[in-house]
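> got a predicted model here, sequence first, then my questions.
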Amino acid sequence: MPTRDLHDPVPLPCGATLKNRIGKSSLSEQISDRENRPTSDLVRIYTRWANGGAGLMMTGNVMIDRTALEEPRNVVVDDERDLPMLKEWATAAQSTGAHCWPQLSHPGRQSLRTLTPVPVAPSAVPMTFGRGLYATPRALDEKEILDIIQKFARTARIMKDAGFSGVQLMGAHGYLISSFLSAITNKREDDWGGSPEKRSRFMVETLRAVRAVVGKAYPISIKVNSADFQRGGIEEEESLGVLKTLEDEGIDLVKISGGSYENAVMMGQDLTVRESTKAREAYFLTFAEKARAVTSVPLMLTGGFRSLPGMKAAVEAGAVGVVGLGRPLCVDPDFANKLLDGTAQPMVLPPRRVGVAEFDAILEVFWYTQPLHLIAAGKEPAIDKGNWSALAVALWNNGFDTFRRKRS
Ligand SMILES: Cc1cc2nc3c(=O)[nH]c(=O)nc-3n(C[C@H](O)[C@H](O)[C@H](O)COP(=O)(O)O)c2cc1C
């Protein structure tokens, strides 16, 4: 068997090649301006990450629709107005030969009611999380579904025109594509729901629409859940079927994660994750091994990787094509270089909790946004904030930005 190594280039089905097996996972940057336009802070942070050594960088959420935000400071790309800044962002991110793929997102029902009074979803299934912070969504009609698919394609075309070397569809964590896939949130009885094939249709049609505008030689990836980790939601067996569909449809890379806002297993929050998986660091490694057996599509696995031996073992075993890193690159943007030159020490990242379930589900994201913003400001990601103070800062910033949006 050939030996596999973090330094290996990764060839993709479309013909492109990643320079190594380390990938930056999507991290919602929340540094758009107040009109959701990209800023020079994005150029700065991606320059830093590009110099950090990863072969692939997935951006945080880039929203395809101005009326469907996930956070008040998401970048929105729904027309050409920001092409010059997007070009700067793409050029900076790819200046060291890394690929940079924007994450094209629609949050579906996971948009706070302060941002979206009536969110849209496959069916009108309310969130079981958030104590009323999320409004009950409205079910999309077919015309609206087709319109959203075209919006994904439009944003993909603009990002390609801007020079980004690929795109990633957000199909995990309870966002719109993922909520079409899951029988908990998709109760439709038309051609968009009712069976695993029909629930996959929105994902498949979106992928086809994006492929039609970017062409065969351009990388398209998708982030999907290994499972929703909720009773009645998508289970591993069905997810393996989704992977096979994606392979048939010509996907170039599948990023594996799991969970949603209602059960944030992607952040290591769920105790049902098997002990054996915990011992091997990556939360979804067992699923990646099953996936490897049914598809030859390159797989990027994200969630829990902290040490060089853990990452090496996952890559050597063959299931993982690209090691995905999120929080480690918030606190050390040079971590990939250290992994590649063998000097990386295992990262110890204690869980971020305040003991209130609703806050704890989101605190990891809130807490790690702080070092990320320091890097974006050209500083070192020194972090001195405790959990409560990180929570207070995030709630204040989000509340203030939302208030400003409403007044403007
Ligand atoms: C600050 C922060 C922002 C995140 N934003 C996104 C996002 O925009 N899109 C996404 O798919 N995942 C997002 N995630 C999840 C990460 O991509 C990743 O799946 C998760 O952090 C687990 O990987 P890790 O253990 O290496 O951090 C975010 C995580 C953090 C900490």
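Yes, it's here. Residues are numbered from 1 along each chain as shown.
> give the contact list for Ala90.
By CB atoms under 8 Å, 6 or more residues apart in numbering, Ala90 lies in contact with 100, 159, 162-165. Heads up, the C-betas are built off the backbone N, CA and C, glycines and all.
> could you check how far it is from Met159?
8 Å (CB to CB, to the nearest Å).
> before we move on, back to that, list only buried entries from the contacts of Ala90.
For these, a neighbour count by 16 or more other CB atoms under 10 Å gives the buried set as 100, 159, 162-165.
> which of those residues sits closest to the ligand?
Using CB to the nearest ligand atom, Cys100 is the member of those that sits closest to the ligand, with 14.1 Å.
> now that closest one, which residues is it bridged with?
On the basis of DSSP bridges, Cys100 is bridged to Met57.
> contacts for the helix or strand that contains Pro102, please.
Pro102 belongs to strand 99-105 when assigned by DSSP states H and E. If you take CB under 8 Å, 6+ apart as the criterion, strand 99-105 is touched by 16, 18, 26, 46, 50, 55-64, 70, 74, 77, 90, 93-94, 152, 155-156, 159, 164-170, 175, 210, 219, 221, 223.
> try 7 Å
18, 26, 46, 55-64, 70, 90, 93-94, 152, 155-156, 159, 164-170, 175, 219, 221 (CB atoms under 7 Å, 6 or more residues apart in numbering).
> the ligand contacts on the protein?
Selection of the chain residues close to the ligand by CB under 6 Å from any ligand atom yields 25-28, 60-61, 103, 170, 173, 223, 257, 266-267, 302-305, 325-328, 364-365, 368-369.
> what about these, which are in helices?
Counting by DSSP state H, these place 327-328, 364-365, 368-369 in helices.
> mind putting those into a markdown table with pLDDT?
Shown next, in a markdown table, are these (pLDDT from 0 to 100):
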| residue | pLDDT |
| --- | --- |
| Arg327 | 96 |
| Pro328 | 97 |
| Glu364 | 90 |
| Val365 | 91 |
| Tyr368 | 94 |
| Thr369 | 93 |
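> surely Leu240 forms part of a helix?
Yes. Per DSSP: H, G, I helix; E, B strand; the rest coil, Leu240 lies within a helix segment.
> would you confirm that it contacts Ala291?
Yes. Applying CB atoms under 7 Å as the test, Leu240 and Ala291 come out as touching, 6.3 Å apart.
> what number of residues lie near the closest residue to the ligand within the chain?
Closest to the ligand within the chain is Gly326: 2.8 Å, counting by CB to the nearest ligand atom. Gly326 sits with 23 neighbouring residues when counted by other CB atoms under 10 Å.
> Arg34 now?
11.
> from Pro107, how far out is it?
19 Å.
> just to revisit the earlier point, mind putting the ones in helices among the residues of the chain next to the ligand in TSV, neighbour count included?
What follows is these, written out as TSV (neighbours: other CB atoms under 10 Å):
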residue	neighbour count
Arg327	24
Pro328	21
Glu364	22
Val365	19
Tyr368	24
Thr369	25
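> return the closest of these with respect to Pro137.
Ranked by distance to Pro137 (CB to CB), these are led by Val365 at 21.4 Å.
> how much space between that closest one and Phe284?
In terms of CB to CB, Val365 sits 18 Å off from Phe284.
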